[in-house]
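Asker: with the input below, show me the fold.
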Amino acid sequence: MNIKWSGLKKALPSPAFLKNKYVITIFIFLLWIGIVDSNSLWQRAKMQSEKSELEERIAECKKAIKHDSDCLDRLQNDSSEIRRIARERYFMKADNEDIYILE
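Answerer: Okay, here's the model as predicted:
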C-alpha cells in the first residue's frame, strides 16, 4: 500500500503554493468573502445597483409630486387656470363663444 502512494506522489507533483497552509487559508477566506457569504461582495454589488435605481426612482417621484402640487396650488388659487383647464380638456365655452375642434 505504501508503494502505491509514493508512486502516485511521483506521478502527480503538486505545486509548492498548495503545500503552504497560509496560502490555502487565505484563498478559502477570499472565496468565502467574495462569493459564498450572505454579505458577500457579489451581493453587495447587486444591492448597491438596486439602491441606486431606487434612489433615481425616488427622485423622479419627488419631481412628479412637486409638479402635481404646483398644479393643484394653481387650480385652488387661480380661477383663470380653472377656466383654461375646462376649455382645453372638457371643451367648455363661455356664453358668447363658439368652439371649433380641428384635428
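Asker: give me the number of residues near the residue lying closest to residue 34 once chain neighbours are set aside?
Answerer: Counting by Cβ to Cβ, 6 or more residues apart in numbering, residue 41 is the residue found nearest to residue 34 once chain neighbours are left out, at 5.1 Å. The C-beta positions use only the backbone N, C-alpha and C, and glycine is treated the same way. Close neighbours of residue 41, defined as other Cβ atoms under 10 Å, add up to 12.
Asker: wait, residue 41 sits on residue 32?
Answerer: No: taking contacts as Cβ atoms under 8 Å, residue 41 lies outside contact range of residue 32: 10.7 Å.
Asker: about what we covered before: ok, the residue nearest to residue 34 - contacts?
Answerer: 33-35 (Cβ atoms under 8 Å, 6 or more residues apart in numbering).
Asker: any residues in contact with both of residue 41 and residue 32?
Answerer: Residues touching both residue 41 and residue 32 (Cβ under 8 Å, 6+ apart): there are none.
Asker: before we move on, the earlier item: distance check, the residue nearest to residue 34 against residue 26.
Answerer: In this view, residue 41 and residue 26 are 16 Å apart by Cβ to Cβ, to the nearest Å.
Asker: what's the answer for residue 74, then?
Answerer: Residue 74 sits at a distance of 65 Å from residue 26 (criterion: Cβ to Cβ).
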